[in-house]
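**Student:** Got a predicted structure here, sequence first:
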Amino acid sequence: MSWFKRVKEGITTKTEEKKETPDGIWEKCPSCKKVLHLSEQLENQYVCIYCGYQLRIGSREYFEILFDNNEFTELYPDLTAADPLHFADTKKYTDRLAESTKKTGLKDALRSAHGKINGHDLVVACMDFNFIGGSMGSVVGEKIARSIDYCIQHRIPFMIISKSGGARMMEAAFSLMQMAKTSARLARLAEEKIPYISLLTDPTTGGVTASYAMLGDINIAEPGAMIGFAGPRVIKETIKKDLPKGFQSAEFVQEHGFLDFIVDRREMKGKLTSFLKMMADNPRQ
């Protein structure tokens, strides 16, 4: 029965003793299609070691990368969405929320936290695409609004990391109202002369792009991030023309004046430190 066991230099491994590779240890790069081990992703801050593609990550990974020693205080962690419209299409909205919470361990599509970046205080509100496509609902808007109030109270710079498919359709007008609500709060932050940094990651689309994502004192994007309002297919069907090469990429958007910088994730913490130091030394008058 030697077919069912391996014998080499006195070591025998029976079939039943072999262990399966745990899920999530390996991941294929969406760009170059090469396989990346989890340890390689961690060491390179979730950037492909072969082609430099910035892999999609969530708030947990961004907090690990940015905050000193991964130490931070999460703000308003218990806010959860209601269902004021009693939305029901193929599935109840409440069921969709429960499934997303179980799958991701998150309460909604944004987490906000106060920590330090190389010794500089910063509040970071980071979106999670895995929670219903990072859609902007009432909880996302409320967390951003409360985080801005916290920044005003404690005189701390604010940063939003956007990663979203846009407004949450299950909340209809309640979701669209968050565009005006967050924009108005950011105007208050500007009146208080407190810096706001916006980081746009892949993808940043819809109502998020049309509101807080593009209102930063400094607008930054990760390389290759998709940034736009409507999708390319919708735009092409509307204007009846072929779109330019690289349309809605971070590089295209920067070329047309909507971004200040494109920053590799591996250099992000250092760049943010420079911005925070610059803004602290040269406060807005």
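**Tutor:** Good, I have the coordinates. Everything numeric here is computed off the predicted structure, so don't read it as measured data. Numbering: from 1, shown residues only.
**Student:** Kindly export the helix or strand that contains residue 219 (C-alpha atoms) in CSV.
**Tutor:** If you go by DSSP states H and E, residue 219 is part of strand 218-221. The C-alpha trace of strand 218-221 is given here as CSV (Å, rounded to 0.1, in the frame of the first residue of the first chain):
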residue,chain,number,x,y,z
ILE,A,218,-5.2,67.5,0.4
ASN,A,219,-6.7,64.8,-1.9
ILE,A,220,-4.6,61.7,-2.2
ALA,A,221,-5.1,58.4,-4.1
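**Student:** Just checking: what are the partner strands of that strand?
**Tutor:** Using DSSP bridges, strand 218-221 pairs in its sheet with strand 196-204 (parallel), strand 261-262 (parallel).
**Student:** Show the average pLDDT along it.
**Tutor:** Strand 218-221 comes out with an average pLDDT of 98.
**Student:** Just name whatever secondary elements the lengthiest helix in the chain is in contact with.
**Tutor:** Assignment by DSSP state H gives helix 172-191 as the longest helix of the chain. In terms of contacts (3 or more C-beta pairs under 8 Å, 6 or more residues apart in numbering; DSSP states H and E), helix 172-191 is packed against helix 138-154, strand 196-204, helix 206-209. Just so you know, the C-beta spots here come from the backbone N, C-alpha and C atoms, and that holds for glycine as well.
**Student:** Now find how far off-centre it is within its chain.
**Tutor:** For helix 172-191, the separation from the chain centroid amounts to 19 Å (computed by C-alpha atoms, centre = their mean, to the nearest Å).
**Student:** Would you indicate which residues of it are buried?
**Tutor:** 174-176, 178-179, 181-182, 185-186, 189 (16 or more other C-beta atoms under 10 Å).
**Student:** Please apply the same query to stretch 56-73.
**Tutor:** 56-59, 61-63, 65-67, 72.
**Student:** sorry, back to before: next structured bit after the strand holding residue 219?
**Tutor:** Past strand 218-221, the next helix or strand by DSSP H and E is helix 232-239.
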